[in-house]
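**Q** generate a structure from the sequence data that follows.
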Amino acid sequence: MTWRSNHPYCQPHFVLVKQGQLAQNKAYSSKSQLFVLDNIGDDLNIGAVERDTGLSKDTLRMWERRYAFPSPARDRHGERLYPVGQVEKLLLIKQLMERGYRPGKIVGQSIEHLRALGSDASMSSPTPDDLGIFLKLIKTHQLQELRSHLSQTMARRGLQNFVLETVAPLNVALGNAWRGGRIAIFEEHLYSELIQTVLRNAIASIQPQGRTPRVLLTSLPPEQHSIGLLMAEAMLVVEGASCIPLGTQTPLADIVTAARVHQADIVALSFSSSYPEIKAAEGLKQLRAGLPSATRLWAGGAGALRLRKPIEGVQPVDSFENMVELVKRWRDPDAAV
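**A** Residues are numbered from 1 along each chain as shown. As a prediction, the model looks like this:
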């Protein structure tokens, strides 16, 4: 199952601690997530916020335009400066995104409301009205009914909304059910195969436009989770991108060759939460060095979000909505802020 969250931010509360003060303060609850900032008490520039929250600069700018948050000040050079209070809210938002919440539903909420959501032990994801129906059909092995219900939901919502509002929270709920012992491995596998079939059929029904960008989608060994790649492909084809799906576990050298042969504008990799952070960083660095300089490299999935340090030449993709925004900006670079 893909898109599970083992993210270290998925804790009930955050405590922001200034570098060097950990040894002096023993009062923090064991239920809190200690989060060390280098310069707490001062406003942080956008690079520091990207590093400390794991949210890319592109995402921060996009939210600023779309949701009027964050709302940084500007220094005398025009550079963004973020108060620590806003950084704390960004961390809470990131935590909730890891549990399945969509940014558009939570960015505008107060920090008190976000804390309440984060401390709700029963919260796993925002669930659509029929999420319980899907889970019941999976558990009772009604595959034909499940397939029909998924297809009807997709037809009603459209492919992109189906990915965002049905598949993403259903993946999270199913992962939680599996971890809690409420469903068996074979039931999870049946769902995975079925949802991939539904997504592939939907993607195949969209006539290719031969438009750009040309996006090569794959994962590095030993990453074998493929649902995230299919979800990304579904979002991209609706945007008119030309997708080159290689499936999972493609050797690095073959990714480079395929990108050159197909003249890919973008190589997009997916990393699940179980992918080792060091291995992901090393693979991305090697791939960046092997790809043509004009080919952009994107990294998405829960495993990519765990990377603590930005990698030069690698674009983090924090969400499917962020990916759509990046496609639009690829086509119109002047639209970037």
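
**Q** below-threshold pLDDT in the chain: ranges please.
**A** Of all residues in the chain, those with pLDDT under 70 make up the ranges 1-42, 98-100, 119-130, 208-210, 335-337.

**Q** just how off-centre is the longest helix seen in it within its chain?
**A** Ranked by residue count and defined by DSSP state H, the top helix of the chain is helix 185-204. Helix 185-204 has its average C-alpha position 20 Å from the chain's average C-alpha position, going by CA atoms, centre = their mean, to the nearest Å.

**Q** just checking, next helix/strand downstream of that helix?
**A** Remark: after helix 185-204, the chain's next helix or strand is strand 214-218, criterion DSSP states H and E.

**Q** buried ones in the longest helix of the chain, by neighbour count?
**A** By 16 or more other CB atoms under 10 Å, the buried positions in helix 185-204 come out as 187-188, 190-192, 194-195, 198-199, 202-203. Quick note: C-beta positions are derived from backbone N, CA and C, even for glycine.

**Q** CSV for those residues, including distance to residue 243?
**A** Compiled in CSV, these are given as follows (distance: CB to CB, whole Å):
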residue, distance to residue 243
187, 29
188, 26
190, 26
191, 23
192, 20
194, 21
195, 18
198, 17
199, 12
202, 13
203, 8
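
**Q** from those, which is closest to residue 233?
**A** Minimum separation from residue 233 among the buried residues of helix 185-204 (CB to CB) is found for residue 203, which lies at 5.8 Å.

**Q** check contacts around that closest one.
**A** Applying CB atoms under 8 Å, 6 or more residues apart in numbering to residue 203 gives the contacts 230, 233-234, 237, 243.

**Q** burial of residue 233, as a residue count?
**A** Other residues near residue 233 number 22, with proximity taken as other CB atoms under 10 Å.

**Q** right, I mislabeled it, should have said residue 83
**A** The number of residues packed near residue 83 is 15, by other CB under 10 Å.

**Q** now, the contacts of residue 203 that are in helices?
**A** Filtering the contacts of residue 203 for helices - DSSP H - leaves 230, 233-234, 237.

**Q** output those in CSV, with distance to residue 158 appended to each entry.
**A** Putting the ones in helices among the contacts of residue 203 into CSV (distance: CB to CB, whole Å) gives the following:
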residue, distance to residue 158
230, 16
233, 15
234, 10
237, 12
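
**Q** hang on, the earlier thing: nearest to residue 318 among the buried residues of helix 185-204?
**A** Taking CB to CB as the measure, residue 318 sits nearest to residue 199 out of the buried residues of helix 185-204, at 21.1 Å.

**Q** mind saving the C-alpha coords of stretch 270-281 as PDB?
**A** Backbone C-alpha positions of stretch 270-281 (Å, rounded to 0.1, in the frame of the first residue of the first chain) are rendered in PDB as follows:
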ATOM      1  CA  SER A 270       7.700   8.600  -6.200                       C
ATOM      2  CA  PHE A 271       9.000   7.500  -2.800                       C
ATOM      3  CA  SER A 272       6.800   5.800  -0.200                       C
ATOM      4  CA  SER A 273       7.200   6.400   3.500                       C
ATOM      5  CA  SER A 274       9.200   3.200   3.900                       C
ATOM      6  CA  TYR A 275      12.000   4.300   1.400                       C
ATOM      7  CA  PRO A 276      15.300   5.000   3.300                       C
ATOM      8  CA  GLU A 277      16.000   8.700   3.400                       C
ATOM      9  CA  ILE A 278      19.700   8.400   2.800                       C
ATOM     10  CA  LYS A 279      19.200   6.100  -0.200                       C
ATOM     11  CA  ALA A 280      16.600   8.400  -1.600                       C
ATOM     12  CA  ALA A 281      18.900  11.400  -1.300                       C
END
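
**Q** from here on, count from 9
**A** Yep, numbering from 9; the last one is stretch 278-289 now.

**Q** what are the buried residues along it?
**A** For stretch 278-289, burial by neighbour count (16+ other CB under 10 Å) applies to 278-281, 283, 288-289.
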